[in-house]
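Undergrad: Provide a 3D model corresponding to the input given below.
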Amino acid sequence: MAATGEREDPAFPVGAACRIDSRSPWRQVAEIPVGLDPEGIAVDVARRRAFVACSRSDFVSVVDLDKHEVVAEIQTGAEPIDIGLDVQTGRVFTADAHSDQVTVIDSATLEVETALPVGGYPSGLTHVPEFRRLYVGNSLGSTMSVIDLDTLETVATVDAEPGAGAIGVDPTRGLVICVNFVAASANFYDAGSFEEVGRLELGTGTCAIGIVPERGEAFIVNSIAGTVSLVDLDAIEVVDETRTGQAPVGLTVAPAHDRIYVTNRGAGTLSVLGVADRQEWSQIPVGNGPGGVVVDPYDGRIFVANAGSQTVSIVEDLLAAKPPAPVVEEASPWLGNKLPSFALEDYRTGERRTNRDWAEKKYILNFFASW
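TA: So this is what the prediction gives:
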């Protein structure tokens with residue numbers, strides 16, 4: 001039987017449970033419909049479930065990982081964006097951006113325990129079992145909330161910068177790193193005192209981070225710049241940058257720490273980047289507008305939340321190591337061509353205007369995308 005939500009493709013006739021491209025080292029396992037604009041994903045290995053934060057539905061979809069279907073929907077605050085699971089307490093946490101709160105869910109009963117107030121527009125979170133802390137990036141508040149995982153009390157509110165969101169933690173060095181989308185920067189804090197110990201300016205649209213502690217490295221996604229920065233955590237400096245697909249927004253480190261996975265929202269792909277060589281090994285097609293990404297440590301399958309498709313893609317990376325040939329991204333067919341004619345409504349007068357009205361004049365096109 002065809003995988004749930006599988007799309008027609010001449011190269012992949014529907015009819016198999018998985019799709020294998022003999023030309024590319026990946027396998028599509030399933031594409032599962034969930035709520036509107038899914039973003040963050042967390043995997044419960046013990047119960048074989050995935051929790052998906054559906055930002056425009058204001059709920060979490062619970063996916064059975066064996067049946068590949070949604071088995072429950074849990075109401076949260078408004079616009080849950082990021083999500084995390086603490087195995088020790090069995091709690092799931094969502095960052096509810098428009099409610100300025102974190103919803104706490106019991107992963108066994110699938111019931112909401114409580115809601116914790118945080119700063120303005122929380123858009124990113126992570127937790128560290130070793131420190132028993134939950135860290136929340138508050139984008140409008142320009143702060144980072146620190147919550148005790150066991151008592152659910154806020155133990156600190158730390159100043160960050162505009163667009164504070166995704167957070168990475170290096171337990172080996174005792175570092176907490178908050179990346180700031182608007183400020184295009186990252187703040188480094190001592191995990192014990194919460195004092196700032198460093199700051200970096202990065203590419204525009206910093207929005208995701210992954211840590212490889214044994215190498216002393218962090219990988220930070222710059223969405224608008226279309227790059228991934230490699231940061232030396234001992235020197236707190238950028239040492240390299242790698243280009244990926246269009247508009248990268250999500251990142252996770254593979255369990256073996258030999259590669260990272262980056263979702264390219266504008267391209268509908270998942271980039272596989274080598275940790276040691278910092279080169280793109282392959283691109284795996286997923287759904288439209290991919291964002292959150294996580295690897296199931298049980299079987300190594302990769303889960304991608306597709307905000308544009310309202311689905312979760314489950315794929316397998318079949319690469320054993322770096323491939324002999326590098327990835328070559330095809331140039332856009334529009335490159336070098338003249339701007340096509342178009343018409344838009346003038347927001348001031350309501351009159352229909354075409355780009356011919358501004359021929360040979362300078363003007364700005366502002367494209368706003370709501371995920």
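
Undergrad: quick one: low-confidence ranges for this structure?
TA: 1-24, 326-335, 347, 363-371 (pLDDT under 70).

Undergrad: C-alpha coordinates for whichever strand or helix holds residue 316, PDB please?
TA: For residue 316, the host element (DSSP states H and E) is strand 311-317. In PDB, the C-alpha atoms belonging to strand 311-317 read as follows (Å, rounded to 0.1, in the frame of the first residue of the first chain):
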ATOM      1  CA  THR A 311       2.500  17.000   6.800                       C
ATOM      2  CA  VAL A 312       5.300  15.200   8.500                       C
ATOM      3  CA  SER A 313       7.800  13.400   6.200                       C
ATOM      4  CA  ILE A 314       9.600  10.400   7.400                       C
ATOM      5  CA  VAL A 315      12.700   9.600   5.400                       C
ATOM      6  CA  GLU A 316      15.800   7.500   5.600                       C
ATOM      7  CA  ASP A 317      19.400   8.700   4.900                       C
END
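
Undergrad: counting contacts, what elements does it pack onto?
TA: strand 26-33, strand 38-44, strand 280-285, strand 302-306 (3 or more C-beta pairs under 8 Å, 6 or more residues apart in numbering; DSSP states H and E). From N, CA and C alone the C-beta is placed, and that goes for glycine too.

Undergrad: Show me what counts as buried in the second one.
TA: Residues of strand 38-44 classed as buried under the neighbour-count rule (16 or more other C-beta atoms under 10 Å) are 38, 39, 40, 41, 42, 43, 44.

Undergrad: now residue 93: how far from residue 284?
TA: As for residue 93, its distance to residue 284 is 28 Å (criterion: C-beta to C-beta, to the nearest Å).

Undergrad: same thing with residue 88?
TA: In terms of C-beta to C-beta, residue 88 sits 32 Å off from residue 284.

Undergrad: Between the two, tell me which one has more neighbours.
TA: Higher neighbour count among residue 88 and residue 284: residue 284, with 25 against 10, using other C-beta atoms under 10 Å.

Undergrad: Specify the angle between the strand holding residue 316 and strand 280-285 in degrees.
TA: 140 degrees (axes from the mean of the first three to the mean of the last three C-alpha atoms, to 10 degrees).

Undergrad: Can you list the strands that strand 311-317 pairs with?
TA: strand 26-33 (antiparallel), strand 302-306 (antiparallel) (DSSP bridges).

Undergrad: Rebuild these as TSV, extending it with mean neighbour count and distance to residue 99.
TA: TSV is the format used below for these (neighbours: other C-beta atoms under 10 Å; distance: least, C-beta to C-beta, whole Å):
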stretch	mean neighbour count	distance to residue 99
strand 26-33	21	25
strand 302-306	27	20
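
Undergrad: Quick check: which of the ones you listed is nearest to residue 145?
TA: strand 302-306 (23.1 Å; C-beta to C-beta).

Undergrad: about what we covered before: out of the strands paired with strand 311-317, which is closest to residue 156?
TA: strand 302-306 (29.4 Å).

Undergrad: Nearest to residue 265, out of the helices and strands packed on strand 311-317?
TA: Nearest to residue 265 among these is strand 302-306; the distance by C-beta to C-beta comes to 9.3 Å.

Undergrad: Now do the closest one against strand 38-44, angle only.
TA: Going by the same axes, to 10 degrees, strand 302-306 makes 150 degrees with strand 38-44.

Undergrad: Contacts for strand 302-306, please.
TA: The contact list for strand 302-306, computed with C-beta atoms under 8 Å, 6 or more residues apart in numbering, reads 31, 34, 38-41, 43, 50, 52-53, 250, 261, 263, 268, 270, 284, 286-296, 312-317.

Undergrad: export it as CSV, just CAs?
TA: Output of strand 302-306 as CSV, limited to C-alpha atoms (Å, rounded to 0.1, in the frame of the first residue of the first chain):
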residue,chain,number,x,y,z
ILE,A,302,14.4,11.4,10.1
PHE,A,303,11.2,13.3,10.8
VAL,A,304,10.5,16.6,9.0
ALA,A,305,7.6,19.0,9.7
ASN,A,306,6.4,20.6,6.4
